[in-house]
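Undergrad: Okay, here's the prediction I keep looking at, along with the sequence it came from:
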Amino acid sequence: MGTTASQLPKDLLSEYQELTFLTKQEILLAHKRFTELLARDDRNCPNPRVPMSRILTLPELKSNPFKERICLVFSTSDNKDGSLTFEDFLDLLSAFSDSATSDIKSHYAFRIFDFDDDGTLDRKDLERLVNCLTGDTDETRLTSDEMKQLINNILEESDIDKDGTVNLSEFQHVISRSPDFVSSFKIVL
């Protein structure tokens, strides 16, 4: 299904439109940007990957505190190195598009915040999430008491079954009460 020719075949473009929340113009722009990120030698390979280090140079991701996690979550690489094929890149852009549903956005947000990929947000995940949002410098880092209190508050609000973690349905329940989530969870090329 992948291609890196300077033009996308019409049938492939139609297929990508059916499988994503992206318009024809967005797919063509994504293809152009992806191709620009490829090393010249890789542009004629059948299904090339752009290394995470190159993806992270995109201005749209550069200042995102979760940029590495975003690449890791959307990468289909067996090496778990965060490299992206064009289809991985489209999946990423589709999930972050204005047209993506709240369920899709919350599903991917949950996966991005689940740093250990165990299917739940535990205290360690929540601490890393807070550190990503506040910055991990001496001036911005919360004290251990502040962090403990904040995580306790998050779990008090979110952990419906009181098992000490937040699962996907609990996370989606919280997100459903946050009207600005859908509009803020986006990346536009």
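TA: Now that the structure is in, tell me what you want to look at.
Undergrad: pLDDT wise, what is D145 at?
TA: On pLDDT, D145 comes in at 96.
Undergrad: in what helix or strand does it lie?
TA: Using DSSP states H and E, the secondary-structure element containing D145 is helix 144-158.
Undergrad: Quick check: the residue of the chain most remote from its centre vs N153, distance?
TA: In the chain, counting by CA atoms, centre = their mean, D145 sits farthest out from the average C-alpha position, at 29.8 Å. Noted for D145: a distance of 13 Å to N153, by CB to CB, to the nearest Å. Using the backbone N, CA and C atoms, a C-beta is placed for each residue, glycine as well.
Undergrad: just checking, L129 touches F113?
TA: Yes. Taking CB atoms under 8 Å as the definition, L129 is a contact partner of F113 at 5.0 Å.
Undergrad: what sits in contact with each of these two?
TA: Taking CB atoms under 8 Å, 6 or more residues apart in numbering as the contact rule, L129 and F113 both touch L121.
Undergrad: roughly how far out does stretch 155-174 sit from the chain middle?
TA: 21 Å (CA atoms, centre = their mean, to the nearest Å).
Undergrad: Could you check it and say which residues are buried?
TA: By 16 or more other CB atoms under 10 Å, the buried positions in stretch 155-174 come out as L155, S158, D159, T165, V166, N167, E170, F171, Q172, V174.
Undergrad: One more: stretch 174-189?
TA: Of the residues in stretch 174-189, V174, I175, V182, F185, L189 count as buried by neighbour count, 16+ other CB under 10 Å.
Undergrad: Good, wrapping up.
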